[in-house]
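Participant: no sequence for this one, just the structure:
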């Protein structure tokens with residue numbers, strides 16, 4: 001990706017970026033930028049943040065997506081998703097570096113959209129979509145955390161009477177504590193642990209799938225696709241939305257904002273760390289899970305480790321895998337809370353008062369707590385993770401991660417219409433805009449089909 005650096009970007013940042021801004025400049029920042037988006041991190045810290053935001057438990061849904069796509073299309077979609085998102089995230093990083101070099105460092109996605117595409121794009125399109133995506137990810141993480149807790153509970157007490165919404169509330173209570181961590185940069189050590197945990201549960205999911213698939217305990221392998229044409233077509237686009245969500249990020253500018261200046265080249269290194277983990281985890285889980293369970297792969301592959309309540313692998317193994325998943329989910333939820341935290345901080349805090357003064361701590365605790373409580377209530381009321389996952393991917397991650405980065409690059413650097421980069425970016429924008437619309441229709445259709453089984457606070 002280094003060949004894409006425009007010649008207008010100097011080899012070194014201008015000298016004043018290498019020192020901390022003077023107090024007057026800090027006071028000109030709003031409270032959200034000053035307290036939540038502190039620019040103190042290194043490139044390895046950005047790697048931790050990126051890994052937590054991308055390599056998350058939704059990757060355990062990849063075998064389910066393969067069940068609608070088959071071997072060839074499934075692997076192809078996974079490869080394309082990895083290549084395009086790695087490319088797109090590097091493009092958006094280059095645009096951010098360019099504006100930082102010009103003295104206009106963007107700390108938020110909506111600010112970037114406002115300055116590049118116009119104020120209405122940032123206020124009415126990019127901003128709302130990003131918040132929908134990020135807050136939806138918090139809701140999804142809370143729900144999945146509750147589901148994993150319930151799985152652990154039923155292993156030790158198969159006839160237990162506790163309901164899913166009770167576990168969702170327990171997980172939400174844990175999130176309530178973590179949400180009070182003041183800044184994005186403060187999460188760097190938690191996200192290092194998160195990186196280790198995602199490798200751990202992905203290894204467990206792969207090992208469990210291979211063990212079951214190699215034994216007589218597993219189901220008979222069937223890789224055939226649905227015979228009904230309409231169901232198969234919509235299933236394909238629903239699966240594409242799930243894969244898009246799995247690769248989704250939506251907070252690249254906010255992650256780059258945590259880097260200490262000069263920022264040149266740091267995000268590329270962080271992305272290399274992240275995508276090394278992506279390659280290991282995504283492909284191993286997707287291929288092993290689909291190989292073991294075929295078109296019977298569940299929305300969460302860990303569910304396939306139980307057959308009618310009977311464990312197909314040792315119970316301690318399922319317990320360990322779920323614990324790894326639960327702990328990492330808490331880190332994922334907190335990372336995706338950051339855009340919301342930034343808005344709350346900007347709205348209710350005073351940048352001229354100390355970060356830990358009573359004037360700022362009290363509204364911070366109250367507003368963040370209400371945010372987590374709301375997400376927990378939504379999770380408990382609407383426990384349909386697979387459908388939520390697909391909708392978020394279609395309406396949010398597809399435009400933010402596949403379409404807008406290439407548009408930002410073309411508008412900012414104006415590559416020649418005869419250049420390969422211009423046409424590659426234009427093709428990516430057109431293809432994934434079309435896929436996003438179709439995937440959105442497929443996701444809404446799936447919700448309408450499943451609506452007859454929906455019930456508030458359902459114990460599923």
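Facilitator: Everything's here; your move. Model, not experiment: these values are computed from the prediction. Numbering: from 1, shown residues only.

Participant: where in the stretch 1-150 of the chain is pLDDT low?
Facilitator: Within the stretch 1-150 of the chain, the ranges that satisfy pLDDT under 70 run 1-28.

Participant: where exactly do the helices run in it?
Facilitator: Using DSSP state H, counting those that start in this stretch, the helices of the stretch 1-150 of the chain run over residues 23-28, 31, 43-54, 62-101, 109-117, 119-120, 127-156.

Participant: With distance to residue 288 and mean neighbour count as added columns, please give those in CSV.
Facilitator: Where C-beta positions appear, they are placed from N, C-alpha and C, glycine not excepted. Putting the helices of the stretch 1-150 of the chain into CSV (distance: least, Cβ to Cβ, whole Å; neighbours: other Cβ atoms under 10 Å) gives the following:
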stretch, distance to residue 288, mean neighbour count
helix 23-28, 50, 10
helix 31, 47, 22
helix 43-54, 20, 25
helix 62-101, 8, 21
helix 109-117, 35, 21
helix 119-120, 46, 11
helix 127-156, 19, 22
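
Participant: Could you say which helix or strand holds residue 203?
Facilitator: Here residue 203 sits within helix 188-214, counting by DSSP states H and E.

Participant: Next up, the contacts around residue 181.
Facilitator: Residues near residue 181 by Cβ atoms under 8 Å, 6 or more residues apart in numbering: 187, 190, 334.

Participant: shouldn't the first one be in contact with residue 336?
Facilitator: No. At 11.1 Å, residue 187 and residue 336 do not qualify as touching, with contact defined as Cβ atoms under 8 Å.

Participant: what is the rounded mean pLDDT of the helix or strand just after the helix holding residue 203?
Facilitator: Using DSSP H and E, the helix or strand that follows helix 188-214 towards the C-terminus is helix 229-247. Helix 229-247 shows a mean pLDDT of 84.

Participant: Tell me what angle helix 229-247 forms with helix 62-101.
Facilitator: Here helix 229-247 points in a direction 50 degrees away from that of helix 62-101 (axes from the mean of the first three to the mean of the last three Cα atoms, to 10 degrees).

Participant: Helix 229-247 to helix 127-156, inter-axis angle?
Facilitator: Using the same axes, to 10 degrees: helix 229-247 against helix 127-156 is 100 degrees.

Participant: next SSE after helix 229-247?
Facilitator: helix 252-257.

Participant: Packing partners of that following helix?
Facilitator: helix 43-54, helix 62-101, helix 109-117, helix 266-293, helix 315-348 (3 or more Cβ pairs under 8 Å, 6 or more residues apart in numbering; DSSP states H and E).

Participant: For residue 182, which of these is the nearest?
Facilitator: helix 315-348 (8.7 Å; Cβ to Cβ).

Participant: Just give me the neighbour total for residue 235.
Facilitator: Taking other Cβ atoms under 10 Å as the criterion, the count of residues near residue 235 is 20.

Participant: contacting residues for it?
Facilitator: When contacts are counted by Cβ under 8 Å, 6+ apart, residue 235 touches 68, 225, 226, 442.

Participant: Count the residues that sit near the third one.
Facilitator: What it means is residue 226. By other Cβ under 10 Å, 15 other residues sit near residue 226.

Participant: before we move on, what about the second one?
Facilitator: Neighbour count of residue 225, defined by other Cβ under 10 Å: 15.

Participant: hang on, isn't it packed against residue 294?
Facilitator: No. Counting by Cβ under 8 Å, residue 225 does not reach residue 294; the two are 10.5 Å apart.

Participant: average pLDDT across the helix holding residue 203?
Facilitator: Helix 188-214 comes out at a mean pLDDT of 95.

Participant: Please apply the same query to stretch 378-397.
Facilitator: The pLDDT scores in stretch 378-397 average 74.

Participant: that older thread, farthest-apart pair in the contacts of residue 235, please.
Facilitator: The largest separation in those, counting by Cβ to Cβ, is between 225 and 442 at 15.0 Å.

Participant: buried sites along the helix holding residue 203?
Facilitator: 188, 190-192, 194-195, 197-206, 208-213 (16 or more other Cβ atoms under 10 Å).

Participant: And that helix, what does it pack against?
Facilitator: By 3+ Cβ pairs under 8 Å, 6+ apart, helix 188-214 packs against helix 43-54, helix 266-293, helix 315-348.

Participant: just those: most buried one?
Facilitator: Ranked by mean neighbour count, the helices and strands packed on helix 188-214 are led by helix 43-54 with a mean of 25 (mean count of other Cβ atoms under 10 Å).

Participant: Next up, the contacts around the residue lying closest to residue 401 once chain neighbours are set aside.
Facilitator: Spatial nearest neighbour of residue 401, chain neighbours left out: residue 248 (5.3 Å); criterion: Cβ to Cβ, 6 or more residues apart in numbering. Residues in contact with residue 248 (Cβ under 8 Å, 6+ apart) are 54, 85, 133, 392, 393, 396, 397, 400, 401.

Participant: Kindly indicate which of those lies nearest residue 341.
Facilitator: Nearest to residue 341 out of the contacts of residue 248 is residue 133 (Cβ to Cβ; 15.1 Å).

Participant: What separation do you get for the residue lying closest to the closest one once chain neighbours are set aside and residue 64?
Facilitator: Take residue 133 and drop its neighbours on the chain: the residue closest to it by Cβ to Cβ, 6+ apart is residue 396, 3.5 Å away. Using Cβ to Cβ, to the nearest Å, residue 396 is found at 20 Å from residue 64.

Participant: Repeat that for residue 342.
Facilitator: Taken as Cβ to Cβ, the span from residue 342 to residue 64 is 33 Å.

Participant: Equivalent analysis for residue 430, please.
Facilitator: Distance from residue 430 to residue 64, counting by Cβ to Cβ: 28 Å.

Participant: Equivalent analysis for residue 183, please.
Facilitator: Using Cβ to Cβ, residue 183 is found at 36 Å from residue 64.

Participant: Next: residue 109.
Facilitator: According to Cβ to Cβ, residue 109 stands 29 Å off from residue 64.

Participant: follow-up on the earlier one: export the contacts of residue 235 as CSV, with columns for distance to residue 377.
Facilitator: Converted to CSV, the contacts of residue 235 look like this (distance: Cβ to Cβ, whole Å):
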residue, distance to residue 377
68, 31
225, 38
226, 35
442, 28
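
Participant: low-confidence ranges in the stretch 301-450 of the chain?
Facilitator: 385-390, 393.

Participant: how about a cut-off of 90?
Facilitator: Flagging of the stretch 301-450 of the chain using pLDDT under 90 yields the residue ranges 303, 306-311, 350-355, 379-399, 435-450.

Participant: ranges for the helices of it?
Facilitator: 315-348, 358-381, 385-392, 404-413, 420-450.

Participant: Run through who's touching the fourth one.
Facilitator: Here helix 404-413 makes contact (Cβ under 8 Å, 6+ apart) with 6, 8, 88-89, 91-92, 94-95, 98-99, 112-113, 116-117, 126, 252, 415, 421-422, 424-426, 428-429.
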